[in-house]
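J.: sequence unknown, structure follows:
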RNA sequence: GCGGGCGUAGUUCAGUUGGUUUAGAACGCCGCCCUGUCACGGCGGAGGUCGCGGGUUCAAGUCCCGUCGCUCGCGCCA
C-alpha cells in the first residue's frame, strides 16, 4: 500500500512479476470496506515506507502465479521458476514428509539406516549399468548401483539384522512415465525371517504412510490389502504380474471350448493346433451397449497388433455377435459355465500363444474396463489403493531368443525347496521365494528371501548355465562373505517415487522430483549429458568411437 | 530400434472442405490514462520462418513424403 502521489507509486508499478523486493513498512488493518475476506491476507495491508529491489526479474517465460498449462519441456528448462508454484511446493513438501515418515517408521521398528557405495561394481539385476571410467585404473569402470543388493546382503552377514536405506538406484534402460534412469527405493533387509514375516514387518510401514497422506489430493482414499496372488494366477486371471485390482474383470481360459468338434471357428482352431490358447474376459451387463462399444474395443485390439477382439454378447437367452454363429448352443453353454456368464453379459476373446495371449488379455482387461460407462457396476473403483503381494514367481524361465534357461528374476533369490528342488525338479517348475508388492497397476516393490548358501548358489547358477568361475568372478566378494557364516535373510525395496506419484495422484515420476531429466534422459537445465574436453578423455585413456551421424562438440 | 499423439506469438490454444488481401484469441510484454486496487479497469502498440526440408496444387498452417523435437506405449527393464 502506497499513498497516491507518492514517488514510490510509480516505482512499485514498474516492478515485474517474480522480482524480489524488500519492503520496510507497517502492517495495519485495512480501513473500512477495503478488507477482502476472500484473500488469506485480506484483512491487513503493508504501508510502505521504503522499498529495495533486491533482484529485478526479467520477463518470465511462463506465468508462475497461475497455472498457465506451460509444457513440460519449458517447465523443466526453467525448473527453478516452475518450483515456485504452490502446486510444486506442495508436492516437494509431500516428498519430504513421506521420506521423513518412512524413515521414522523404520527407525521405530529398530531398523538401522545405512549408506552404501555409489561407485561400485555391477549388481545382479538385469538392467544395463551406468558406468563411470576409472582414472586410476585405465580401461576399468565403476558401475552405479542398480540397487544396493549385495551390500545389504553383506550387512546381514555382518550381523546388522535390520537394515534400511533410502537408496539411490541407477538403471540405463529406456524410460517410461513410471521409470527413470535414477530413482529412490526404500530398501529393506532382515535376517532370520520368512517371507510372511517380511510382509508383516513392512506392510504396516507402507500402510501407515499411505494412511498418513491419504488425503493429500483433498479426497480421502481407502487403503485395502487384497489376498496374496500367486504369479501364475495373476498371469491367468489378470494377464499381468502387476494387476490393477480396482478393475474387477477377470480372465479365464476357454481353450477347451474352442477345441470342441462342434465349434467351427477356424481362426482360433488354427492357433490352438499350434499350441496356442484362448483367453476370455467376461464383461457384465454390457449387451445393451451400442455397437460402437464393441467396435471401438475391436479397433483398439487391432492397434495393439491383434487381429481383433472377438466377442459374444448374451441377451434374451441367445448369443449374439460376429463369432456367435460359429459357437453352437452346447458350446455357448460351456462358455457360460466356465466364465460365469449371465444374460446381459458379453465375453471377449483373445487367442494367441500363451505368453502373448496372457499379455494381450491383460491389456484387454484394462481396455474393456476403461470403455465402461461411468457408474457401471464393473467400472474401475475410485479413490482406493488396492495393494497385493504377488508371490511364487518362477525361479527360471525359458529364454526364447537364446533358447536357454535363464533366471526369471533376481538370481540371488532362494529357490523354494532349496537344494532338493534344484536337484530333482524341472528347473521351469521351481518357484523362488520372490515377491512383488503391487498397487493400482504399479509394481511398488520387489523382494525375496535370499540364497545364503554357497552350495545352493552354485547349483542355482549352474542350472542357468553359469559356471563356478563366472560366479566367482562376478560375485566373488559376496560369495566369499557367505562362506564365513551367513544368516538366512531376505528383504524388499519399495519404489519411493512411485509411491509419492500415487499419493500425489500425478501421471508421471517427473512431477514428484524437484530436479529431474526428461523422457530422453536429458537434463536441459544443467545440460546433461554433455560433451567433455579432450583433456578429460585423455586423463581417462578413452577414445570416442561414435556412430557416423552423431557429431560431438568436444574440443 | 518400432508404433500412436502432439508441434501455430513469450505462454496456453483456435484456425472449417486446401480459398476473405494483413494467420486470430486469452494471458504475458511495451506505452499512455485511471487510482482503495487485490484475476483491477480503459485506450493504444509490439510480437509469427505455422518445428525443419521437400513435394502436390492456380492456391498449403491445412494434403503427401522425409526429417527433428516432446510425449505415451512396445521392445528393453522389476
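T.: It's in. As the structure is a computational prediction, the values presented were derived from the model and not from experiment.

J.: quick one: residue A:463 from residue A:423, how far?
T.: For residue A:463, the distance to residue A:423 (CB to CB, to the nearest Å) stands at 10 Å. Yep, even glycine has a C-beta here, placed from its N, CA and C like the rest.

J.: neighbour-wise, which of those two wins?
T.: residue A:463 (17 against 10; other CB atoms under 10 Å).

J.: so who does the closest residue to that one other than its chain neighbours touch?
T.: Nearest residue to residue A:463, sequence neighbours excluded (CB to CB, 6 or more residues apart in numbering): residue A:427, at 4.9 Å. Contacts for residue A:427 (CB atoms under 8 Å, 6 or more residues apart in numbering) come out as A:395-396, A:405, A:463.

J.: please redo it, this time with the cut-off set to 6 Å
T.: Neighbouring residues of residue A:427 by CB atoms under 6 Å, 6 or more residues apart in numbering: A:396, A:405, A:463.

J.: next up, phi/psi of the second one, please.
T.: Read it as residue A:405. phi -80, psi 130 (degrees, to the nearest 10).

J.: who is it paired with across the strands?
T.: Here residue A:405 sits in beta bridges with residue A:398, going by DSSP bridges.

J.: gap between it and residue A:358?
T.: Distance from residue A:405 to residue A:358, by CB to CB: 20 Å.

J.: so for these two, which residue has more residues nearby?
T.: Each of residue A:405 and residue A:358 has its neighbours counted (other CB under 10 Å); residue A:358 has more, 24 against 17.

J.: can you tell me the helix or strand for that one?
T.: helix A:354-371 (DSSP states H and E).

J.: for that helix, which helices and strands make contact with it?
T.: Using 3 or more CB pairs under 6 Å, 6 or more residues apart in numbering; DSSP states H and E, the elements in contact with helix A:354-371 are strand A:277-283, strand A:346-352.

J.: who touches the last one?
T.: Where contact means CB under 6 Å, 6+ apart, the residues beyond strand A:346-352 that reach it are A:268, A:271, A:276, A:278-283, A:286-287, A:309-313, A:339, A:341, A:357, A:360-361, A:364.

J.: that strand to helix A:354-371, inter-axis angle?
T.: 150 degrees (axes from the mean of the first three to the mean of the last three CA atoms, to 10 degrees).

J.: quick one on the thing from earlier: any residue of the helix holding residue A:358 touching RNA strand B?
T.: Yes - using CB under 7 Å from any atom of the strand, we find that helix A:354-371 touches RNA strand B at residue A:359.

J.: buried residues in that helix, which are they?
T.: Neighbour counts using 16 or more other CB atoms under 10 Å place A:357-369, A:371 of helix A:354-371 among the buried residues.

J.: for RNA strand B, state which of the residues you listed is nearest.
T.: Of all the buried residues of helix A:354-371, RNA strand B sits closest to residue A:359, with 6.5 Å by CB to the nearest atom of the strand.

J.: for chain A, what helix or strand is lowest in average pLDDT?
T.: helix A:7-14 (a mean of 80; mean pLDDT, DSSP states H and E).

J.: for the residue lying closest to residue A:330 once chain neighbours are set aside, give me the pLDDT.
T.: Closest residue in space to residue A:330, ignoring its immediate chain neighbours: residue A:262 at 6.3 Å, by CB to CB, 6+ apart. For residue A:262, the pLDDT comes out at 92.

J.: and residue A:552, by the same measure?
T.: With respect to pLDDT, residue A:552 has a value of 43.

J.: in chain A, where is pLDDT below threshold?
T.: Residues of chain A meeting the criterion pLDDT under 70: A:4-5, A:124-125, A:548-555.

J.: the one residue in the stretch 301-450 of chain A that gets nearest to RNA strand B - how many residues pack around it?
T.: Residue of the stretch 301-450 of chain A nearest RNA strand B, by CB to the nearest atom of the strand: residue A:446 (3.0 Å). Neighbour count of residue A:446, defined by other CB under 10 Å: 21.

J.: contacting residues around the closest residue to it other than its chain neighbours?
T.: What sits nearest to residue A:446 in space, not counting adjacent residues and going by CB to CB, 6+ apart, is residue A:436, at 5.1 Å. By CB under 6 Å, 6+ apart, the residues touching residue A:436 are A:390, A:443, A:446.

J.: contact partners of the helix or strand where the first one lies?
T.: Residue A:390 is located in strand A:384-391, with elements delineated by DSSP H and E. Outside of strand A:384-391, the residues that reach it under the criterion CB under 6 Å, 6+ apart are A:199, A:210, A:221-226, A:228-229, A:231, A:234, A:241, A:245-246, A:435-439.

J.: for residue A:338, phi and psi?
T.: When read as degrees, to the nearest 10, the backbone of residue A:338 gives phi -60, psi -40.

J.: and it, how far is that from residue A:457?
T.: 43 Å.

J.: one more: residue A:158?
T.: Noted for residue A:158: a distance of 18 Å to residue A:457, by CB to CB.

J.: and those two? which has more neighbours close in?
T.: residue A:457 (21 against 13).

J.: most residues in a single helix of chain A, which one?
T.: For chain A, the helix that runs over the most residues, judged by DSSP state H, is helix A:86-108.

J.: got the contact list for that helix?
T.: Under the criterion CB under 6 Å, 6+ apart, residues A:82, A:164, A:186, A:205, A:208-209, A:212, A:500, A:504, A:512, A:514 lie in contact with helix A:86-108.

J.: adjacent strands (with direction) for the helix or strand following that helix?
T.: Next helix or strand after helix A:86-108 toward the C-terminus (DSSP H and E): strand A:112-113. Neighbouring strands of strand A:112-113 in its sheet, by DSSP bridges, are strand A:162-170 (parallel).

J.: centre of the chain to the partner strand, how far?
T.: 17 Å (CA atoms, centre = their mean, to the nearest Å).

J.: list the contacts of it.
T.: Strand A:162-170 is contacted from outside by A:106, A:110-111, A:113-114, A:130, A:144, A:146-148, A:152, A:155, A:182-185, A:187-190, using CB under 6 Å, 6+ apart.

J.: and RNA strand B, which of those reach it?
T.: Near RNA strand B, by the rule CB under 7 Å from any atom of the strand, you find residue A:146 out of the contacts of strand A:162-170.

J.: give me the buried entries from the contacts of strand A:162-170.
T.: For the contacts of strand A:162-170, a burial check counting by 16+ other CB under 10 Å picks out A:106, A:111, A:114, A:130, A:144, A:146-148, A:152, A:155, A:183-185, A:187-190.
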